[in-house]
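Undergrad: Please find the sequence and the predicted model below.
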Amino acid sequence: MTTLLQQLVYGLILGGTVGLIALGYTMVYGIVQLINFAHGEIFMVGAFGALATFTWVIPEGVKGTWYITLPLMVIAGAVVSMVLALIIERLAYKPLRNAPRLAPLITALGVSVALKEAVRLWYPGATAPLPFPKAFLAGNIDIGPVVFPKTGLLLIVVTIVLTTLLQIYINKSRMGRAMRATAQDPDVARLMGINPDRTIVLTFAIGAVLAGVAGVLYGIHLTNISIDIGFQNGIFAFTAAVLGGIGSIRGAVIGGFIIGLVKTIAGQYLPGGTQYDYVWIFVVLIAVLVFRPQGLFGETERVRA
Amino acid sequence: MSPLLEVRNLSVAYGAIEAVRDVSFSVEEGQVVSLIGANGAGKTTTLRTISGLLRPTRGDILFRGEPIHRKAAHEILASGIAHSPEGRRLFGRMTVEENLQLGAYVRDDAAGIEADMRRVYELFPVLGERRHNKAGLFSGGEQQMLAIGRAMMSKPKLLMLDEPSMGLSPIMTQRIFDTIKELQSQGTTILLVEQNALAALALSDRGYVIDLGSTTLEGPGTDLLADQRVRAAYLGEG
């Protein structure tokens, strides 16, 4: 029982990370019907951006004070990810706006490889995993025999808070309405006076900020990062977005938590253990898609007039 | 005085296929002008080009004397042309109120938007009663009311309506045409595309017949109604 509860805790922590990244996949897909395969690397670069800020920008004197370093690193990670995503959108995706869908998809894969190799080449020491600063409270909260790492709790709380804020923004604000309108019917959105470029840029920016924040909190929780974290978590997050119903905000986060839980529970209890935990994630994905091809919270594709 | 909208020798192609060839017409301020013609004659393409969704291959579109055919769709809306597209194309997963708010997207006068929303609800009480319901749940006629209301929310100088009576019952069709008259009397200029040529010409100050992508006949609505060729081709007589 204790083992199960403990694995649930680890599953939720992983799920929070995956869910935050999945929001970027699902939002971008909703607006431009692009699976942005570079999004996982944007998460990774956000973590490296925060590490660089900690190493070279934050003065020695305050490095040990978490309530100063944590916000600075979170902001740095978010800004680095956002700037990078906007550059990619402008240079790689925008010129292909009217190209067949396969072209930007392949471009995204190329951008993903390029980003990873760029960090490997140019970030000092990134050929091996790098230690990440402990910019938050260390230790655990003990719930009976179950331990809840404080850094993991931070990740989950931030995921839930940011998702809630995002939902409110998209449902209540003027720009949020414009984003939903563009997702539902891009031509008619233009007839309402909505500038599609602005909506697309905003969507990429929001997704990247969430990924950047996720990257920093992930680094703090695991206490090290490597150039491989983008691909690995990116695949989980993409799967979470599809599982939840691509285009759905709620679906992406719930999909993230489901994937986190499946991975840890399957790794503990199913044959093959942690070596096969990936397999079960995709088994769940396939099972859901057989019965609900649009994902858990996705809209069924409708033919438009 | 130059007309509010002037379309000169407009041609539009989808790839190699020319959908509109050498269409010319003009809309004077305060008028209701109809484009009529058979299916596939290029009426919808003409409207989509005026509103900036398509680019012309040749010709000019002047709005208040200014060329607009190189502007983006969102800029054209902001300059004062609203387009209620064929098939209504509401945001079906959003509420009535959200659809109207999107219609007013380019405006920032909250009080004015509120007042215009009340005006739409007065014109179409059913929308006001169910303003928090999703647009996709309404009947065809109610959706058409909302589509017109949404297009009015940007306070356009020129309102373009594409097939507002499509798929509606005769009673509903009559309501929509009454509404068009009423909008005109309130000072809105209207460019109407209709397959229901009889009803459209009856309320139009001017009509143009578009045939195989070109304007072939033009004149005051009542004259076209009396024209033997129009009656034969579009009004089912002959």
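TA: Structure's in. What do you need?
Undergrad: Check the offset of the longest helix anywhere in chain A from the chain's centre.
TA: Secondary structure of chain A read by DSSP state H shows that its longest helix is helix A:2-32. In terms of Cα atoms, centre = their mean, to the nearest Å, the centre of helix A:2-32 is set 8 Å apart from its chain centre.
Undergrad: per-residue confidence averaged over it?
TA: The predicted model assigns helix A:2-32 a mean pLDDT of 96.
Undergrad: For chain A, give me the ranges with low pLDDT.
TA: In the predicted model of chain A, residues A:300-305 satisfy pLDDT under 70.
Undergrad: could you redo the last one with a cut-off of 50?
TA: Where chain A drops to pLDDT under 50, the residues are A:302-305.
Undergrad: Please, where are all the helices along chain A?
TA: A:2-32, A:39-52, A:66-88, A:102-122, A:150-172, A:174-184, A:186-191, A:196-222, A:229-244, A:249-269, A:277-291.
Undergrad: An error on my part: the question was meant for chain B.
TA: Under DSSP H, chain B gives helices at B:43-50, B:73-79, B:96-103, B:110-123, B:125-129, B:140-152, B:170-185, B:197-203, B:221-226, B:228-234.
Undergrad: returning to that earlier point: could you export the helices of chain A as TSV, including mean neighbour count?
TA: For the C-beta atoms, the positions are set from N, CA and C on the backbone; glycine is no exception. Formatted as TSV, those follow (neighbours: other Cβ atoms under 10 Å in any protein chain shown):
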stretch	mean neighbour count
helix A:2-32	24
helix A:39-52	28
helix A:66-88	20
helix A:102-122	16
helix A:150-172	17
helix A:174-184	20
helix A:186-191	23
helix A:196-222	25
helix A:229-244	25
helix A:249-269	23
helix A:277-291	14
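Undergrad: Nearest to B:Leu158 among the ones you listed would be which one?
TA: Smallest distance to B:Leu158 across the helices of chain A (Cβ to Cβ): 13.1 Å, for helix A:186-191.
Undergrad: Could you chop chain B up by domain?
TA: By the assignment in automatic domain parsing, chain B contains the domains B:1-80+B:157-238, B:90-155.
Undergrad: Find the residue closest to B:Glu66 in space, skipping its chain neighbours.
TA: B:Ser79 (7.8 Å; Cβ to Cβ, 6 or more residues apart in numbering or on different chains).
Undergrad: how much space is there between the one you found and A:Pro186?
TA: Separation of B:Ser79 from A:Pro186 (Cβ to Cβ, to the nearest Å): 20 Å.
Undergrad: and what of A:Thr164?
TA: 27 Å.
Undergrad: Next: B:Ala104.
TA: Taken as Cβ to Cβ, the span from B:Ala104 to A:Pro186 is 19 Å.
Undergrad: same thing with A:His39?
TA: 21 Å.
Undergrad: before we move on, back to that, what about the longest helix of chain A and chain B, any contact?
TA: No - using Cβ under 8 Å from any Cβ of the partner chain, helix A:2-32 never reaches chain B; the gap is at least 11.9 Å.
Undergrad: Summarise which helices and strands that helix is packed against.
TA: helix A:39-52, strand A:146-149, helix A:150-172, helix A:174-184, helix A:196-222, helix A:229-244, helix A:249-269 (3 or more Cβ pairs under 8 Å, 6 or more residues apart in numbering or on different chains; DSSP states H and E).
Undergrad: Let me have the ones you listed in JSON lines, extended by distance to chain B.
TA: Below are the helices and strands packed on helix A:2-32 laid out as JSON lines (distance: least, Cβ to the nearest Cβ, whole Å):
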{"stretch": "helix A:39-52", "distance to chain B": "25"}
{"stretch": "strand A:146-149", "distance to chain B": "38"}
{"stretch": "helix A:150-172", "distance to chain B": "9"}
{"stretch": "helix A:174-184", "distance to chain B": "5"}
{"stretch": "helix A:196-222", "distance to chain B": "8"}
{"stretch": "helix A:229-244", "distance to chain B": "17"}
{"stretch": "helix A:249-269", "distance to chain B": "13"}
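Undergrad: of the ones you listed, which approaches A:Val32 most closely?
TA: Using Cβ to Cβ, the helices and strands packed on helix A:2-32 put helix A:196-222 closest to A:Val32, at 5.9 Å.
Undergrad: which helices and strands does the closest one pack with?
TA: Packed against helix A:196-222 by the contact rule (3+ Cβ pairs under 8 Å, 6+ apart) you find helix A:2-32, helix A:39-52, helix A:66-88, helix A:150-172, helix A:174-184, helix A:186-191, strand A:224-225, helix A:229-244.
Undergrad: picking that back up, would you turn the helices of chain A into a markdown table with distance to B:Ile36?
TA: Listed next are the helices of chain A as a markdown table, based on distance: least, Cβ to Cβ, whole Å:
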| stretch | distance to B:Ile36 |
| --- | --- |
| helix A:2-32 | 38 |
| helix A:39-52 | 50 |
| helix A:66-88 | 48 |
| helix A:102-122 | 41 |
| helix A:150-172 | 42 |
| helix A:174-184 | 31 |
| helix A:186-191 | 22 |
| helix A:196-222 | 32 |
| helix A:229-244 | 48 |
| helix A:249-269 | 45 |
| helix A:277-291 | 48 |
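Undergrad: For residue 200, give me its contacts.
TA: As the question left the chain open, I've gone with chain A. Counting by Cβ atoms under 8 Å, 6 or more residues apart in numbering or on different chains, A:Ile200 touches A:Ile31, A:Val32, A:Glu89, A:Lys94, A:Thr182.
Undergrad: could you do chain B instead?
TA: With Cβ under 8 Å, 6+ apart, B:Ala200 has these contacts: B:Ser34, B:Ile36, B:Phe177, B:Leu192, B:Glu194, B:Gly207, B:Gly221.
Undergrad: Same check on A:Ile259?
TA: Per Cβ under 8 Å, 6+ apart, neighbours of A:Ile259: A:Leu14, A:Gly15, A:Val18, A:Phe236, A:Thr239, A:Ala240, A:Leu243, A:Ile281, A:Val284.
Undergrad: how near is it to A:Asn36?
TA: 18 Å.
Undergrad: Kindly report the same for A:Asn195.
TA: From A:Asn195 to A:Asn36 the distance is 21 Å (Cβ to Cβ).
Undergrad: ok, these two, which is more surrounded?
TA: Ranked by neighbour count (other Cβ atoms under 10 Å in any protein chain shown), A:Asn195 and A:Asn36 place A:Asn36 first, with 30 against 19.
Undergrad: Relative to A:Ile170, how far out is that one?
TA: 18 Å.
Undergrad: Please apply the same query to A:Phe236.
TA: Distance, A:Phe236 to A:Ile170, using Cβ to Cβ: 23 Å.
Undergrad: any weak-confidence spans in chain B?
TA: In chain B (pLDDT under 50), the answer is B:238.
Undergrad: Quickly note the distance from B:Arg107 to A:Ala85.
TA: 31 Å.
Undergrad: cool, A:Tyr67 as well?
TA: With Cβ to Cβ as the criterion, A:Tyr67 and A:Ala85 are 28 Å apart.
Undergrad: One more: A:Arg174?
TA: 23 Å.
Undergrad: Could you do A:Val216 as well?
TA: Distance from A:Val216 to A:Ala85, by Cβ to Cβ: 15 Å.
Undergrad: give me every residue that touches the nearest residue to A:Phe297 once chain neighbours are set aside.
TA: Excluding its sequence neighbours, the residue lying closest to A:Phe297 (Cβ to Cβ, 6+ apart) is A:Gly251, at 3.4 Å. The neighbourhood of A:Gly251, defined by Cβ under 8 Å, 6+ apart, consists of A:Thr26, A:Ala241, A:Leu243, A:Gly244, A:Gly245, A:Gly295, A:Leu296, A:Phe297, A:Gly298.
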